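Q: need coordinates for the below:
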Amino acid sequence: MAGTIAADTLTHSTAGSIATNYVVEGSCKAWVNFNGTGTVAVRDSLNLSSLADNTTGDYTVNFTNAFGSGDYTVSGTASGNADASRGYTGQMAADHSNAPTASALRTKFGLGSNASGHGQLYDSVYSTVLNHGDLA
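A: Below you'll find the model as predicted:
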């Protein structure tokens, strides 16, 4: 059975109301939490068709349902791989040499800088990627 629910506001019995555009436009449309070390293992996800391990600290996130374009926002975290001089730090960034597409995002995880090293890629034990934008 297919159907449509049309509403401009969602109301909770005790928590108040919210306009539906906040839900439609403001919700995370795809995310993944994975172990990026050894054989990559997805812990949990939403709208993920697959996750490719390209090389150390370099992954491609493929979406089940495509975005309207490659112009969505990206954020993420990386932690759990100690570096003697930088500790458990990590930075996630979209790989802009491979522009995001509606159906996939290439992302890289790197360590922060110190006096002797600048941002080399690494496999993180606790890796997350979150995507916000309009689905197609």
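
Q: how about the strands in the protein?
A: All strands of the chain, identified by DSSP state E, fall at 9-12, 16-19, 28-35, 41-46, 48-55, 58-63, 73-79, 91-94, 104-110, 126-132.

Q: can you list contacts of the last one?
A: Under the criterion CB atoms under 8 Å, 6 or more residues apart in numbering, residues 26-36, 59, 61, 63, 67, 72-80, 92, 105, 107, 109 lie in contact with strand 126-132. Any C-beta I mention is one placed from the backbone N, CA and C, and that applies to glycine too.

Q: list only buried entries from those residues.
A: 29-36, 59, 61, 63, 67, 72, 74, 76-78, 92, 105, 107, 109 (16 or more other CB atoms under 10 Å).

Q: just for the protein, where's the confidence low?
A: Low-confidence segments of the chain, defined by pLDDT under 70: 1, 81-94, 96, 112-119.

Q: run the last query once more with 90
A: Scanning the chain for pLDDT under 90 picks out the ranges 1-27, 36-38, 56-57, 75-99, 107-127, 136.

Q: just checking, Leu46 touches Val61?
A: No. Using CB atoms under 8 Å as the test, Leu46 is too far from Val61 to be in contact (11.3 Å).

Q: common neighbours of the two, please.
A: What both Leu46 and Val61 touch, as defined by CB under 8 Å, 6+ apart, is the set Ala30, Val32.

Q: and Ser103, how many neighbours?
A: Using other CB atoms under 10 Å, Ser103 has 15 other residues around it.

Q: report the contact partners of it.
A: Asn62, Phe63, Ala66, Phe67.

Q: let's have these in TSV, adding distance to Gly133.
A: As requested, the contacts of Ser103 are exported to TSV (distance: CB to CB, whole Å):
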residue	distance to Gly133
Asn62	15
Phe63	10
Ala66	10
Phe67	5
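
Q: of these, which is the nearest to Thr9?
A: Using CB to CB, Phe67 comes nearest to Thr9 of the contacts of Ser103, at 25.9 Å.
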